[in-house]
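# heads up, no residue letters with this:
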C-alpha cells in the first residue's frame with residue numbers, strides 16, 4: 001500500500017481546491033475568460049508535476065491543454081485524457097454551499113469526508129488524480145513509461161473541437177493505451193471497472209404557432225396551443241410499456257450475450273437503497289429488463305427541459321406563441337447517433353399538425369463504446385484495483401456517455417481503459433456535486449499501481 005504523508009495529502013487537496021474555484025463552465029459564453037484561466041492553471045500544474053513539454057492549444061472554442069514526458073521509445077506510452085470544463089451549477093438555490101467554493105463535509109456514504117463543489121467528481125477531481133499520481137512517480141523516481149496528457153475544455157458540450165484536433169494530430173497522440181477517469185464504481189468496498197458507455201443524441205425542438213402570445217380567453221379553442229401539441233408529441237414517444245415508439249429506433253440494437261450480461265448483473269443494485277437515495281417511491285421503465293439493464297445497457301429517450309408561455313409568479317392567461325423541449329437519447333452498441341437523430345426528426349415532422357411549425361436542432365452526439373477485457377491494459381487495471389482495494393473489481397456498464405472515447409478508437413485505433421473512482425451518489429450534473437476524500441486518494445494510489453502493472457504486463 002502507498003501511504004501518502006500528511007504534507008503530500010494537504011498539498012494535493014489545496015491544489016485541487018484552487019482548481020475547483022475556477023468556474024470553467026463551457027456551455028456559458030459568460031465564462032469564456034474563466035475557461036482560459038483554467039487552461040493556464042493546468043499548464044502551470046503540469047509543468048510543476050514534471051512534464052517536459054506543455055502547451056495550450058487554441059481552438060475555435062475553448063483551449064486544449066497538452067503535456068508529455070518521454071523517457072524511452074522502447075517503453076510503453078500512456079495517453080491520459082480528461083476535461084477541465086464543468087456543467088452549469090444551476091439551480092444555484094439548491095446548493096447547500098457555493099458551487100465554486102469547495103468545502104469538505106462528512107456524509108453517510110463518505111464518513112471520512114467529501115469535497116463539495118461543481119467539478120469535484122466530474123471531472124476535475126478525477127482527472128487531477130492522474131496528475132498527482134504522475135507527480136508522485138516522478139518524485140519517487142519510479143517512472144518506467146512515457147506519458148501524454150490531453151485535457152480538453154468542451155467535453156460537456158460535445159468535444160467537437162477536440163475531434164478536429166485528434167484527426168489532425170495523430171502522430172502527436174500516438175500511444176499504446178488511453179487512460180480515463182470520468183466514470184463511477186459500484187461502491188468504496190466493491191470496486192468496478194467500466195467496460196462500456198452508452199452513446200447519445202441530444203436534440204432540441206421548437207414548435208411555433210401564432211405570431212405572438214395570445215389572450216387565452218379571446219383565442220382559446222380556435223388556435224393551436226404549441227405547448228399542448230408539444231405535450232402530446234412527447235407523450236407519444238413511449239408506449240404503455242415505456243418502449244420508444246420512433247420507427248426504426250431499435251433496429252440495430254446489439255443484444256448482450258449471456259456471459260457479459262451475467263457479469264453486468266453482478267452490480268446487483270439494492271432497489272430499496274436506490275429509491276431512497278433519490279427520494280422516489282416506485283421504479284419506472286420497461287419491466288422486461290432489470291433496473292441494472294435499464295440504466296446501463298438499454299437505449300432511452302428523456303426530456304431534459306421543456307418551456308414556453310408564462311412561467312413567472314402568479315397568473316397570466318396567455319396562449320403561447322412557442323413551445324420548446326430539449327431531449328436526449330442514450331444509445332447502445334450498433335446504434336448510430338446520426339441515424340437516430342434523423343429518425344427522431346422524421347418522427348417529429350410526421351407527428352405535428354399543420355397548425356404549428358417545427359424547428360429541430362441537433363446539438364451533439366456520440367457513439368456507444370465497449371472496452372475489451374482480454375487486453376494487457378484491462379488486466380493491469382484489474383490488478384491495480386485488487387491491490388489498492390483488496391478485492392477484485394467486476395465489470396460494469398456505464399449509462400452515461402463520453403463523446404471522445406469512440407472517436408479515439410476511430411481516429412487513433414487505440415483502446416481506452418475507464419478507471420473511474422466516483423460513486424453514482426456523488427450528484428454529478430446536479431446541485432451539491434461531491435467527491436469522497438477516500439476516493440480521491442485511493443484513485444491516485446490505484447493509478448500508480450496501474451502504471452507498474454501495465455509496464456510489467458507488456459514486458460513479460
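The structure has been received and is ready for your questions. It should be emphasised that the depicted structure is a prediction, and the values quoted were computed from it without experimental measurement.
# Next, give phi and psi for residue 201.
Note on residue 201: its backbone torsions stand at phi -130, psi 120 [degrees, to the nearest 10].
# That one and residue 337 touch, don't they?
Yes. The criterion here is CB atoms under 8 Å, and residue 201 meets it with residue 337 at 4.5 Å. Bear in mind the C-beta positions are built from the backbone N, C-alpha and C, glycine included.
# These two: who's more crowded?
Set residue 201 next to residue 337 and count neighbours by other CB atoms under 10 Å: residue 201 wins out with 27 against 22.
# List the contacts of the more buried one.
For residue 201, the residues meeting the contact criterion (CB atoms under 8 Å, 6 or more residues apart in numbering) are 328, 329, 331, 337, 338, 340, 341, 344, 362, 365.
# The second one in helix, strand or coil?
This points to residue 329. Following DSSP: H, G, I helix; E, B strand; the rest coil, residue 329 is assigned to strand.
# is it true that it touches residue 237?
No. Proximity of residue 329 to residue 237 does not meet the contact threshold set by CB under 8 Å, at 9.6 Å.
# Can you check which residues contact both of those two?
For the pair residue 329 and residue 237, residues contacting each of them under the criterion CB under 8 Å, 6+ apart are 244, 301.
# ok, and what's touching the helix or strand bottoming out on mean pLDDT in the chain?
Using mean pLDDT, DSSP states H and E, the weakest-scoring helix or strand in the chain turns out to be helix 258-264, at a mean of 79. Contacting residues not belonging to helix 258-264 are listed as 256, 292, 293, 296, 297, 394, 395, 396, 397 [CB under 8 Å, 6+ apart].
# let's go with 6 Å and repeat that
Under the criterion CB atoms under 6 Å, 6 or more residues apart in numbering, residues 395, 397 lie in contact with helix 258-264.
# Next SSE downstream of that helix?
Scanning forward in sequence from helix 258-264 by DSSP states H and E, the next helix or strand is helix 271-278.
# Show me what counts as buried in that next one.
Within helix 271-278, the residues scored as buried using 16 or more other CB atoms under 10 Å are residue 274.
# Confirm for me that residue 130 is in contact with residue 78.
No. Shown here, residue 130 and residue 78 do not form a contact pair, counting by CB atoms under 6 Å, at 9.5 Å.
# about what we covered before: adding distance to residue 288 and pLDDT, write the contacts of residue 201 out as CSV.
Shown next, in CSV, are the contacts of residue 201 (distance: CB to CB, whole Å; pLDDT from 0 to 100):
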residue, distance to residue 288, pLDDT
328, 22, 97
329, 19, 97
331, 18, 97
337, 24, 96
338, 28, 96
340, 21, 98
341, 26, 98
344, 23, 98
362, 30, 95
365, 26, 90
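# And the closest residue to residue 2 other than its chain neighbours, which helix or strand is it part of?
Leaving aside its sequence neighbours, residue 2 sits nearest to residue 445 (CB to CB, 6 or more residues apart in numbering; 4.8 Å). Following DSSP H and E, the helix or strand that holds residue 445 is helix 437-459.
# try residue 128
With DSSP H and E as the criterion, the answer for residue 128 is helix 124-139.
# packing partners for the following helix or strand past that helix?
Sequence-wise, the next helix or strand beyond helix 124-139 is strand 146-152, with elements assigned using DSSP H and E. The helices and strands touching strand 146-152, judged by 3 or more CB pairs under 6 Å, 6 or more residues apart in numbering; DSSP states H and E, are strand 64-69, strand 77-83.
# now whatever helix or strand comes next after strand 146-152 and strand 146-152, what's the angle there?
Remark: after strand 146-152, the chain's next helix or strand is helix 160-168, criterion DSSP H and E. Per axes from the mean of the first three to the mean of the last three CA atoms, to 10 degrees, the angle that helix 160-168 makes with strand 146-152 is 150 degrees.
# Does anything pack onto helix 160-168? Which helices or strands?
Using 3+ CB pairs under 6 Å, 6+ apart as the contact definition, the elements that helix 160-168 packs against are helix 404-412.
# Please list the outside residues in contact with the helix it packs on.
For helix 404-412, the external contacting residues (CB under 6 Å, 6+ apart) are 159, 162, 163, 166, 167, 173, 178, 367, 369, 414, 416.
# Among those residues, give me the pair with the biggest separation.
Across the contacts of helix 404-412, the longest distance by CB to CB is 18.7 Å; it joins 173 and 367.
# Just put the helices and strands packed on strand 146-152 in a markdown table and tack on mean neighbour count.
Conversion of the helices and strands packed on strand 146-152 to a markdown table gives the following (neighbours: other CB atoms under 10 Å):
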| stretch | mean neighbour count |
| --- | --- |
| strand 64-69 | 22 |
| strand 77-83 | 23 |
